[in-house]
Structure formats: structure tokens, C-alpha cells
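Asks: 3D, please:
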Amino acid sequence: MVYMLHATCNLHSNLFRELRMNQVAPSISQVRSVGSIYLVLILVQAVSAAGLTTVYTTLTSLYKEYAGSNNVGWAVTSYLLFSACGSALCGRLGDLLGRRLMILIALAISGSGAAISAVVPSLVGLIAGCAMQGLAGSLTPLDIGLARELLPPRKVSFAVGIISAAGIVGAGITYLFAGWVTDHFASHGAFLMKTALAALAMIAVVKLVPKQGHRPANLERIDFVRGILFAPAIAGVLIGVDRIRVWGWPWATGLIIPCSILLLIWARHQLRQTIPLINIRLLLGRQVLLANCAMACMGLGCIQVGQMLSLLLQQPSWTHVGFGLTATAAGWAFLAQASTSAIASPMSGRMASRYGARRASLYGAIIVLGAWSILTYEHASFPVVIGTAVVNMIGLSFVFSAIYNLIVEATPPESTSEATGMASVVLAIAMAVASQILFKILASDTVRDPRHGVGVFPSSHAYTLAFAYIAAVCAICLCVLLAIPARLRAPLRGMAPSDLGPLHRVRGVSFRRGR
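Replies: Next up, the predicted model:
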């Protein structure tokens, strides 16, 4: 087909070579089978999902083990810092040096970090190990890039859905299993469990993923010294946002503002580079930019479902707001709703492959907007809360997978991990900001009863405000997604126009507009 198209359109030989380079993917015999690749993608994403979930699950045990210390929270903060910075850097290096290599490096470092957190009997060792585990956050963009590299183009959108489902369902399974291991073997058992999972994923990658046939890119012309400045800038912003409640606004903004200025200086420098470390121009493309804005809205809104429902379900029933569930029961409820992602995310990927990711994202945004709107007006009924949580998870799975597919559609194959890595950075910052916003909203109106202890809990009005805020952000997300233009469909089945480089501008080659 490619050769016939080349002969018919009489294209220049350089253009033809570019088309072949963008289209070629390893044959099924080279990668053994599509099923083997799906297995690798799921295992790698399971390690990514287990990363922060394991840290969250062990927090109660860690506070007991390091009683008297006020620095246990840095285990979470260090993880988030290295996850955000590693997603962008490892994603770019994966595009340059090979995703298989970078996945193995990230798995080795994050698995070793989990082992250090388990065996080093000090708080410093715990925090250092959690920082190393943060590199598991870079596995998602590398996983997506690997899927695009190894699978036929028509299967990539579905594979992104599989990766999204593995992340959400994996987090639910990890929440329960890591909790059980922690109850019986303390935090050490949960961290060693993650080390074993990382080792299993490494074996799968080595055995089932072929080595790249191309030579790694030449890194000599890249200014790594100034290009890496985004890492301390993002770290400073995240630390400032995370420490607002501890330091107060004046001290926190004193860190956030200079780091934000440093980020702008870094972006200006990267725009001037012939070969930048991070391609800002790629991120400023309309579809990629709007997709990242939608990702930020998700982080600010509907992805907070775990935090909000965990609070609501476990809040004592005497407050006349919560349902008084145990942590284990709440965990089962979360796993039940997360399991719907195993169906919804692949459906989103299949829809993106057939009709375009924009349509799938719009369906998902409408679903989550409806779910949070219902919760705003009714959150006193347990069946309603659980039902809307399931509906929200279906919509969240649709839109989350679709946003990554929107980025993939508008990104050259050789920059896939870089672009999706920056989306992960945007998501991490948005989630950190949202946690502070929701904390302020929930603390604005509280209930207490000395007869039931000294606990202070959000009132029904506070939950209404919090749910209304999330519904409003979901509405903004829907508007952002509506602003993305319908893409032109490619004549080769399953290939987006970006996969064809400049071919869609050649006279005589036409495309039908996506439905």
C-alpha cells in the first residue's frame, strides 16, 4: 500500500523515507505475539500503579513505626517529586535511547528503592527508598511509547486503554493486597511485595520485548545542564504546594513563585534550542496543549474520587453524613468500582481507534459531569453514592484513556514517551493543588461531638461544596475537550495523520473528516 501510494502521488524520495520510518512497526514474529506484548504492558503498568498506592497503604503502619517523628509525610512527598520529574526526563530518554532500556532502568531503581525502604531501619532510608520508587511514575509514558513502537498502528489506541485499565484496577488490587500484607508483616512486607512485582516485570520485559534495532540517538548536541532545570523547578512547586498547610501561605508562595519563574526561564531556553531536551514546541501544538489542559482538569477534579469517597464512606455515622465503614470495607468498595475500568478503558481505546479519541473523551467527560452533579445534590444515600461512584469510574476510565490517545494522535512516534511524560507531570501538579483546595473546602464547615471523642469531620454542606467544585471542574474539562477540532482520518486503517508526517498536505491525497 505504501509503495502504491508513493507511485501514485509521485512523492519526493525524502518524504517517502519519512513515511516508511513513521509507519514501520516490528512484525508479530519479532515480538512473538500481540498477547505477550499486552502482558508486558500490564505488568509494567501494575508496578507503576503499585508505587504510590503501596506508600499510601503503609502510612498508618509507618506512623506507628516512627512514632514521634513529624517527617514521615516526606515519604509521600519524595515519591511525588521523583515521579513528576522522572516522568518527563525518563520519557524523553526513552525516546532517545530506547524505551525497553529505560523501562528496565526504571524498574530496577524503583524495585531497589522498595527494598531499601523495607530493610534500612531508619527514616532517612525510608524516604530515600520512596524517592527511588518514584521512578515508577515514569513507567506509564514509557509503556505507552513501547506499545506504539511494537504494536501495529490499528492496535495502539486499544493498547492505551489496556494500560489505563491496568493502572486503575492495579491500584485497587494493590490497596487491598498491600493492606493485608502490612497487617501481617508491617510496612516491610508491602515494600518487599513491590520489589518482587518489579522483578517479575523485569523478567517479562527481558524475555518478551525484543531489543531495538535502531541505534540510540546522539546526545552530544543536547544541553543537559540547562535542560534539566525543569526538575528543580517542578520539585519546588510541588514542595511548596504540598507544604502549604505546614508552612503557611507566605513561606509556601515564597518557594512556589521563584520556582515558577525558573520554569518559565527554562521553557524560553528550550524554545531556542535546535535539539532541546524537552520539545516545548511539540507541547504547544493545539491538540496536545488542550489535552494537557484536560488532564489538569482531571487532576483538579474527578480523579479525586478515591480521596473523597474514602473520607465519606469511613466518616462516623453519628455525623449524619458518613457511613461508618471500616478501612477494609472501603477498600473493597473502591476495588469494586475500579474493576469497571477493566471494561471501560479498553472500550475507550477501541472507540478512539474507530472514531477518534476526541469522541471517546467527550463521552467520558459527560459521564463524570453527570456523576458528580448527582453527588452534589444527593450523597446521603449509600446506594446512590456507590452507584454514582461506579458511573464516575466508567467516565474517568473513558476520558483518562482518551486523553492519552489524543496526545498519541498528535505526536510523532519518536516523541510519544516525551509527550505523555509531560502529561503525567501536569497530572501530578494538578492533583497536588486539588488536595489543598479540597482540604480547604472540607474544613470550611465541620461537625463535632465531644461524646464521640475529639474528632472533627466535614459537614454535609462541606461535602456539597466539594462535590460542586469537582462538578464545575468536570464542566470546564468538557469545554476544553469540545475545543479540540475533529481530526482528519487517515486512509490507512488505524493510522492517525500524525503517523503519516506531511503526507496529508500532498495534493491529490484526501481524508474524510472524522465523525
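
Asks: tell me what the helix or strand harbouring Leu39 is packed against?
Replies: Per DSSP states H and E: Leu39 is located in helix 34-57. With contacts defined as 3 or more Cβ pairs under 8 Å, 6 or more residues apart in numbering; DSSP states H and E, the packing partners of helix 34-57 are helix 74-97, helix 99-119, helix 123-133, helix 139-150, helix 153-208. For the C-beta atoms, the positions are set from N, CA and C on the backbone; glycine is no exception.

Asks: from memory Met431 sits against Cys297, does it?
Replies: No: if you go by Cβ atoms under 8 Å, Met431 and Cys297 don't touch, sitting 11.5 Å apart.

Asks: Of the two, which one has the most company?
Replies: Neighbour tally, Met431 and Cys297, criterion other Cβ atoms under 10 Å: the higher count belongs to Cys297, 26 against 20.

Asks: May I have the phi/psi pair for the more buried one?
Replies: phi -60, psi -40 (degrees, to the nearest 10).

Asks: what does the one 10 residues further on give?
Replies: Recorded main-chain torsions at Gln307 are phi -60, psi -50, according to degrees, to the nearest 10.

Asks: Please report the distance of it from Met431.
Replies: Separation of Gln307 from Met431 (Cβ to Cβ, to the nearest Å): 9 Å.

Asks: before we move on, what about Leu362?
Replies: Using Cβ to Cβ, Leu362 is found at 23 Å from Met431.

Asks: next one: Ile127
Replies: Counting by Cβ to Cβ - Ile127 and Met431 are separated by 20 Å.

Asks: again with Ile303
Replies: Distance of Ile303 to Met431, computed by Cβ to Cβ: 7 Å.

Asks: Also Ala178?
Replies: 20 Å.

Asks: same check, this time on Met422
Replies: Here the criterion is Cβ to Cβ. By it, Met422 lies 15 Å from Met431.

Asks: Please work out which of the helices and strands packed on helix 34-57 is packed deepest.
Replies: A comparison of those by mean neighbour count, using mean count of other Cβ atoms under 10 Å, puts helix 139-150 on top with a mean of 28.

Asks: on contacts alone, who are the packing partners of that helix?
Replies: Using 3+ Cβ pairs under 8 Å, 6+ apart: helix 139-150 touches helix 34-57, helix 74-97, helix 99-119, helix 153-208, helix 382-409, helix 416-442.

Asks: Can you lay out these as JSON lines showing distance to Met351 and mean pLDDT?
Replies: Output for the helices and strands packed on helix 139-150, formatted as JSON lines (distance: least, Cβ to Cβ, whole Å; pLDDT from 0 to 100):
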{"stretch": "helix 34-57", "distance to Met351": "18", "mean pLDDT": "86"}
{"stretch": "helix 74-97", "distance to Met351": "25", "mean pLDDT": "84"}
{"stretch": "helix 99-119", "distance to Met351": "26", "mean pLDDT": "92"}
{"stretch": "helix 153-208", "distance to Met351": "8", "mean pLDDT": "85"}
{"stretch": "helix 382-409", "distance to Met351": "8", "mean pLDDT": "90"}
{"stretch": "helix 416-442", "distance to Met351": "19", "mean pLDDT": "86"}
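
Asks: and Leu478, which of these is closest to it?
Replies: helix 382-409 (9.2 Å; Cβ to Cβ).

Asks: Just want the angle from the closest one to helix 416-442.
Replies: 150 degrees (axes from the mean of the first three to the mean of the last three Cα atoms, to 10 degrees).

Asks: Tell me how far helix 382-409 lies from the chain's centre.
Replies: 13 Å (Cα atoms, centre = their mean, to the nearest Å).

Asks: change the start of the numbering to 222 and stick with it
Replies: Noted, 222 is the first residue going forward, which turns the last one into helix 603-630.

Asks: Could you pull out the buried residues of it?
Replies: Buried residues in helix 603-630, counted by 16 or more other Cβ atoms under 10 Å: 606-607, 609-630.

Asks: circling back: for the helix or strand following the helix holding Leu260, give the mean pLDDT please.
Replies: Proceeding N to C from helix 255-278, the next assigned helix or strand is helix 280-286, under DSSP H and E. The average pLDDT for helix 280-286 rounds to 75.

Asks: Mind listing what's buried along helix 280-286?
Replies: Quick answer for helix 280-286 (16+ other Cβ under 10 Å): Ser282, Leu283, Glu286.

Asks: now those residues in a markdown table, with distance to Pro342?
Replies: Shown next, in a markdown table, are these (distance: Cβ to Cβ, whole Å):
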| residue | distance to Pro342 |
| --- | --- |
| Ser282 | 14 |
| Leu283 | 13 |
| Glu286 | 9 |
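
Asks: ok, of the residues you listed, which one's closest to Pro479?
Replies: Nearest to Pro479 out of those is Leu283 (Cβ to Cβ; 31.5 Å).

Asks: Surely the closest one is in contact with Leu347?
Replies: Yes: contact criterion Cβ under 8 Å: Leu283 and Leu347 qualify, at 7.0 Å.

Asks: shared neighbours of the two, anything?
Replies: Each of Val293, Ala296 lies in contact with both Leu283 and Leu347 under the rule Cβ atoms under 8 Å, 6 or more residues apart in numbering.

Asks: Am I right that Thr395 is in contact with Val276?
Replies: No: look at Thr395 against Val276 with Cβ under 8 Å: they stay out of range, at 10.5 Å.

Asks: How many neighbouring residues does the closest residue to Val542 other than its chain neighbours have?
Replies: Sequence neighbours aside, Ser681 is the residue nearest to Val542 in space, at 4.9 Å (criterion: Cβ to Cβ, 6 or more residues apart in numbering). When counting by other Cβ under 10 Å, one arrives at 15 neighbours for Ser681.

Asks: any idea how far Ser681 lies from Thr597?
Replies: Per Cβ to Cβ, Ser681 is found 11 Å from Thr597.

Asks: Likewise for Val467?
Replies: From Val467 over to Thr597 the distance is 30 Å, taken as Cβ to Cβ.

Asks: Quick check on these two: which one has the bigger neighbour count.
Replies: Using other Cβ under 10 Å as the criterion, Val467 and Thr597 rank with Thr597 on top: 18 against 10.

Asks: Not counting its neighbours along the chain, what's nearest the residue nearest the centre of the chain?
Replies: Centroid-nearest residue in the chain: Ser645, 4.8 Å away (criterion: Cα atoms, centre = their mean). Nearest residue to Ser645, sequence neighbours excluded (Cβ to Cβ, 6+ apart): Ser308, at 3.8 Å.

Asks: now the one you found: how far from Gly272?
Replies: Counting by Cβ to Cβ - Ser308 and Gly272 are separated by 12 Å.

Asks: Spit out the residues that contact these two alike.
Replies: Counting by Cβ under 8 Å, 6+ apart, the shared contacts of Ser308 and Gly272 are Gly358.

Asks: is it true that Val677 touches Thr667?
Replies: Yes: here Val677 reaches Thr667: they are 4.9 Å apart, a contact under Cβ under 8 Å.

Asks: Which one's more surrounded, those two?
Replies: Taking neighbours as other Cβ under 10 Å, Val677 and Thr667 compare with Thr667 leading, 14 against 11.

Asks: Surely that one is in contact with Phe678?
Replies: Yes: if you go by Cβ under 8 Å, Thr667 and Phe678 touch, sitting 6.3 Å apart.

Asks: phi, psi of Ile449?
Replies: Per-residue torsions, Ile449: phi -80, psi 0 (degrees, to the nearest 10).

Asks: Please consider this matter closed, and thank you.
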